[in-house]
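Colleague: Make a model of this:
(chains A and B)
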2 protein chains.
Amino acid sequence: MGLKVMDSRNVVQEDVTTPDTEKTKIQWLITQDDGAKNFMMRLFEIEPGGHSPLHRHDWEHEIYVLEGEGKLLFEGEKHQMKPGYFAFVPEGGEHSFINDGTEKLRFLCLIPVK
Amino acid sequence: MGLKVMDSRNVVQEDVTTPDTEKTKIQWLITQDDGAKNFMMRLFEIEPGGHSPLHRHDWEHEIYVLEGEGKLLFEGEKHQMKPGYFAFVPEGGEHSFINDGTEKLRFLCLIPVK
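Modeller: Numbering: from 1, shown residues only, chains lettered A, B, ... in the order given. Modelled structure (predicted):
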């Protein structure tokens, strides 16, 4: 696999259709199809009033907020997220991302290759 | 290790002092010290006229440009980078990041834990 350079605006955006998800879209920017052996880069967009599923799993997230504001709910506690904020969400913790703001919440969310 | 949520503006910024580096600073946002077992998140800031070293190594980069414009030099070819652009830089390829613009170039650059 070679270099990949791309404008994220040109990557297909898909609805996240898992249960308990509202108004959330995902773009898979860098995956194993690009040669990534260790981790993958996704870009999420959550509309005001939307949220990702409240769930837990045995892999971590690394997050960086690009636009908008919202809450990271982790083990029952809410943490404010704004542009320039980042988060390490450890494996095993119950979490969800909630857009309780008035603009689109856009953030990078990277996960390991399983 | 638990959750880490933080404003990236509050993370210590260090000069990159490797040879052949100019006007480049780094922030280590998420590392093994935070419990990251698989990959680490760094934030680079390159002043106009600056560049990271032209080098190659046996691990990949995953890049996302936040602010500014510049060039990703990879195996002798230059690729324009702007906010919203991302790159998968495969292991082994000779590369450098060059700020040939007029504003600070700021980008996330993630690497695997070795």
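Colleague: Mind telling me what element the most centrally placed residue in chain A is part of?
Modeller: Geometric centre of chain A, nearest residue: A:C109, 3.8 Å, by CA atoms, centre = their mean. Using DSSP states H and E, A:C109 sits in strand A:105-112.
Colleague: Give the partner strands of that strand in its sheet and their orientations.
Modeller: Applying DSSP bridges to the sheet, strand A:105-112 is found paired with strand A:39-51 (antiparallel), strand A:61-67 (antiparallel).
Colleague: mean confidence score for the first one?
Modeller: Translated: strand A:39-51. Strand A:39-51 shows a mean pLDDT of 98.
Colleague: mind listing what's buried in it?
Modeller: Neighbour-count burial for strand A:39-51, counted by 16 or more other CB atoms under 10 Å in any protein chain shown, picks out A:F39, A:M40, A:M41, A:R42, A:L43, A:F44, A:E45, A:I46, A:G50, A:H51. No exception for glycine: its C-beta is placed from N, CA and C like everyone else's.
Colleague: Could I have the CA atoms of that strand written out in PDB?
Modeller: The C-alpha trace of strand A:39-51 is given here as PDB (Å, rounded to 0.1, in the frame of the first residue of the first chain):
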ATOM      1  CA  PHE A  39      -5.200   1.700  14.000                       C
ATOM      2  CA  MET A  40      -8.000   3.300  11.900                       C
ATOM      3  CA  MET A  41      -9.200   6.900  11.600                       C
ATOM      4  CA  ARG A  42     -12.900   7.800  11.500                       C
ATOM      5  CA  LEU A  43     -14.700  11.100  11.400                       C
ATOM      6  CA  PHE A  44     -18.100  11.400  13.200                       C
ATOM      7  CA  GLU A  45     -20.700  14.000  12.700                       C
ATOM      8  CA  ILE A  46     -23.600  14.200  15.100                       C
ATOM      9  CA  GLU A  47     -26.500  16.600  14.600                       C
ATOM     10  CA  PRO A  48     -27.900  18.600  17.400                       C
ATOM     11  CA  GLY A  49     -30.100  16.300  19.500                       C
ATOM     12  CA  GLY A  50     -28.200  13.200  18.300                       C
ATOM     13  CA  HIS A  51     -26.000  10.800  20.100                       C
END
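Colleague: Tell me which residues touch A:T31, please.
Modeller: Residues near A:T31 by CB atoms under 8 Å, 6 or more residues apart in numbering or on different chains: A:M40.
Colleague: now the helix or strand A:W28 falls within against strand B:61-67, angle please.
Modeller: Using DSSP H and E, A:W28 sits in strand A:22-30. Calculated by axes from the mean of the first three to the mean of the last three CA atoms, to 10 degrees, strand A:22-30 forms an angle of 120 degrees with strand B:61-67.
Colleague: how about strand A:22-30, does it reach chain B?
Modeller: Yes. Using CB under 8 Å from any CB of the partner chain, we find that strand A:22-30 touches chain B at A:L29, A:I30.
Colleague: as a whole number, average confidence for that strand?
Modeller: For strand A:22-30, the per-residue pLDDT values average out at 98.
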